[in-house]
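A.B. asks: coords please:
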Amino acid sequence: MKKMILAAMMAVACAFGGTAEALQPELGNQASSVVEAKASRENINVTYPVWKGGSILAHAKVNSAVETEIYSFYKALPKEDEYGTPRGYVSWQVGAHGHGVLSYVLTESTMMPRAAHPTHYVVGMNFRDDGSKITYEDIMKMIPKRSGEEIRAEIVKQTKEEGIPLFGEELNHIQTWPKNFYIGQDGGIYFIFQTYDIAPYAAGWIAIRAGNLTW
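C.D. replies: You can find the predicted model right below:
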């Protein structure tokens, strides 16, 4: 991938996935048309999905998009300082993978020297079976229109069901759905709230269901 990430290495997601899975439904680690690849460089370890389905052009588009995202993360890693070298880790999960849709979640983790735990950023990547991207604008046409108050109420409802404590002040600032989303294996549309967006670190990133995929 981009010739910048080299030989294979065992997955580090278990060690650096970091947070407990609190509310991240309808994701898995296997799909019949997806294989896992592993790669490493001096300061990054990666596991990532490679799609084998669709036409040659379609899976080339999807796999290129994934590689570009990982390469961007690699290039953005902080540089070595007097405390040592920050390390990056990427792991993945798959949501919908059939009926014309393929959805991934990539977790990009950064471990700083002397840090107590890594930081995480979660990226949803969503495609049609022709390899084109399913965009935020596409998704917003499929779900009920909600006010900020209604979005906050839905967040409270779904997290309460799982016993997840929320930050009050951060929650009150939410007016729209976040730009990151994935499509679950049940066809649900899930919006991604990053670690610390609305809840403590221990809760991990949180996915809130907002509707169903429709064409």
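A.B. asks: can you tell me how far A203 sits from T159?
C.D. replies: Distance, A203 to T159, using C-beta to C-beta, to the nearest Å: 8 Å. Using the backbone N, CA and C atoms, a C-beta is placed for each residue, glycine as well.
A.B. asks: Then P25?
C.D. replies: Distance from P25 to T159, by C-beta to C-beta: 12 Å.
A.B. asks: next helix or strand past the helix or strand of the chain with the lowest mean pLDDT?
C.D. replies: One helix or strand of the chain scores below all others by mean pLDDT, DSSP states H and E: helix 13-16, with a mean of 39. From helix 13-16 onward toward the C-terminus, using DSSP states H and E, the following helix or strand is strand 34-41.
A.B. asks: what about the closest residue to G187 other than its chain neighbours, neighbour count?
C.D. replies: Distances taken as C-beta to C-beta, 6 or more residues apart in numbering place L213 nearest to G187, at 4.9 Å, with adjacent residues excluded. Neighbour count of L213, defined by other C-beta atoms under 10 Å: 21.
A.B. asks: likewise L106?
C.D. replies: By other C-beta under 10 Å, the residues close to L106 number 22.
A.B. asks: Checking my notes, it in a strand, right?
C.D. replies: Yes: applying DSSP: H, G, I helix; E, B strand; the rest coil, one finds L106 inside a strand.
A.B. asks: Does it touch Y48 like I think?
C.D. replies: Yes: L106 is within contact range of Y48, at 7.3 Å (criterion: C-beta atoms under 8 Å).
A.B. asks: Name the residues contacting each of these two.
C.D. replies: V66, I70, V90, W92 (C-beta atoms under 8 Å, 6 or more residues apart in numbering).
A.B. asks: Among those residues, which lie within helices?
C.D. replies: Applying DSSP state H to the shared contacts of L106 and Y48, the entries found in helices are V66, I70.
A.B. asks: nearest to H117, of the shared contacts of L106 and Y48?
C.D. replies: Nearest to H117 out of these is V90 (C-beta to C-beta; 16.7 Å).
A.B. asks: burial of that closest one, as a residue count?
C.D. replies: Counted with other C-beta under 10 Å, residues neighbouring V90 total 25.
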